[in-house]
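Peer 1: model the structure of this input:
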Amino acid sequence: MTYQEAILDTPVVELRRAIMADRPVLEEIKERAISKLLDPLMTPEQRAEMRQITPFDPALIEDGTYYVATVNGWISASGGWSRRAALFSPDGQGTGEARLLDPATEAASIRAMYTHPDVARKGLGSLVLSTALAAARIAGFRRAQLLATVAGERLYHAGGWKTEERIMVGSGGKAIVPGYRMSRDI
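Peer 2: Residues are numbered from 1 along each chain as shown. I've put the predicted structure just below:
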């Protein structure tokens, strides 16, 4: 059965923590999401840099703060929150060594939100995001922050996020990918 056939059946949606064994599927969904939903909005140079700064970050799974939404058993969306002081991985090495945030004074980081293009705009990303925000709140955080792409900024804004600044990000001095630093109370 193909992915498309599986999601067209009577959908059973489940949410769970991601595990390391999910990595190949998570990588595939990330690439499909970037290719279909974000690439059309960027230059070829920005596309290449985007892939450099969005590597698979095992710290999110190791910390137990990364989730997947499945539809009929197929991983269809992923994302999570982090108690680490990094909104993305500018060096491509992950964030496992980043310092821990203080929930009393700092905002939790929302990270690595991806939805398979075949089910984009159907609520799965919002389900994952609301789960991440609830978990961060239970962990003591009162605010959340994220770095939105040009494809995600309007979606987050509609969900109550406030744009703090438009920035350019990248690795090794190549700040060529546009982003929006956003935050909200949780």
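
Peer 1: so what's the residue count around Arg154?
Peer 2: 11 (other C-beta atoms under 10 Å). The C-beta positions use only the backbone N, C-alpha and C, and glycine is treated the same way.

Peer 1: if we go by neighbour counts, what in the one helix or strand it maps to is buried?
Peer 2: Element membership for Arg154, per DSSP states H and E: helix 153-158. Using 16 or more other C-beta atoms under 10 Å as the test for burial, helix 153-158 gives 153, 155-156.

Peer 1: just checking, next helix/strand downstream of that helix?
Peer 2: Trace forward from helix 153-158 with DSSP H and E and the next one is strand 162-169.

Peer 1: that following strand packs against which elements?
Peer 2: strand 143-148, strand 177-185 (3 or more C-beta pairs under 8 Å, 6 or more residues apart in numbering; DSSP states H and E).

Peer 1: any idea of the mean pLDDT in that strand?
Peer 2: Averaging pLDDT along strand 162-169 gives 96.

Peer 1: just stretch 177-186 next, same as before
Peer 2: On average, stretch 177-186 scores 97.

Peer 1: how far away from the center of its chain is that stretch?
Peer 2: 12 Å (C-alpha atoms, centre = their mean, to the nearest Å).

Peer 1: contacts for it next, please.
Peer 2: 42, 46, 49-50, 53, 87, 107-108, 133-134, 136-137, 141-150, 153, 156-157, 159-170 (C-beta atoms under 8 Å, 6 or more residues apart in numbering).
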